[in-house]
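Novice: no sequence on hand, only this structure:
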C-alpha cells in the first residue's frame, strides 16, 4: 500500500525553466523546473519567512529572495552553515501531466 497521496498539478507548465507558486491540497508550494526537471518544495523560507517562489535557482538550489539563503532542490537541505531545511515533495510526470506526492496521515494509511 502506498504511503503517498498523488495529486495532479492543473497549473500550466511552461516548456522553459521557471519558479512559481502553486496551490495544491490546501498547501502553497513552490513548483520549480530547473534544467528541465520538476521539483516541488514548501514555499516559505524557514530562515525569515521569505516566499521562495519569488526566488531563483542556482547550482541546483532554490535561492530565497530576502537573504539569499539556499536550499537543495533534491533534498531541501540548507547550504553549509545554515542548519535548516525546507520540505520537499516527490514529483512524478505522467502521461496526463505532473503529480505531487503528499504523505498520507497515519489514520488514512490504516483505513
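Specialist: Here it is on my side, so go on. Predicted model, so just to flag it, every value in this text is computed and none were measured.
Novice: ok, residue 86 - contacts?
Specialist: Remark: with contacts taken as Cβ atoms under 8 Å, 6 or more residues apart in numbering, residue 86 is in contact with 41-42, 44-46, 52, 62, 71, 76, 78. In this view, the C-beta of every residue, glycine as well, is placed from N, C-alpha and C.
Novice: now, which of these sits nearest residue 23?
Specialist: residue 42 (12.5 Å; Cβ to Cβ).
Novice: turn the contacts of residue 86 into JSON lines, columns for secondary structure.
Specialist: Below are the contacts of residue 86 laid out as JSON lines (DSSP: H, G, I helix; E, B strand; the rest coil):
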{"residue": "41", "secondary structure": "strand"}
{"residue": "42", "secondary structure": "strand"}
{"residue": "44", "secondary structure": "strand"}
{"residue": "45", "secondary structure": "coil"}
{"residue": "46", "secondary structure": "coil"}
{"residue": "52", "secondary structure": "helix"}
{"residue": "62", "secondary structure": "strand"}
{"residue": "71", "secondary structure": "strand"}
{"residue": "76", "secondary structure": "coil"}
{"residue": "78", "secondary structure": "strand"}
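Novice: greatest separation within those: which pair is it?
Specialist: Among these, the pair separated by the greatest distance (Cβ to Cβ) is 44 and 78, at 13.5 Å.
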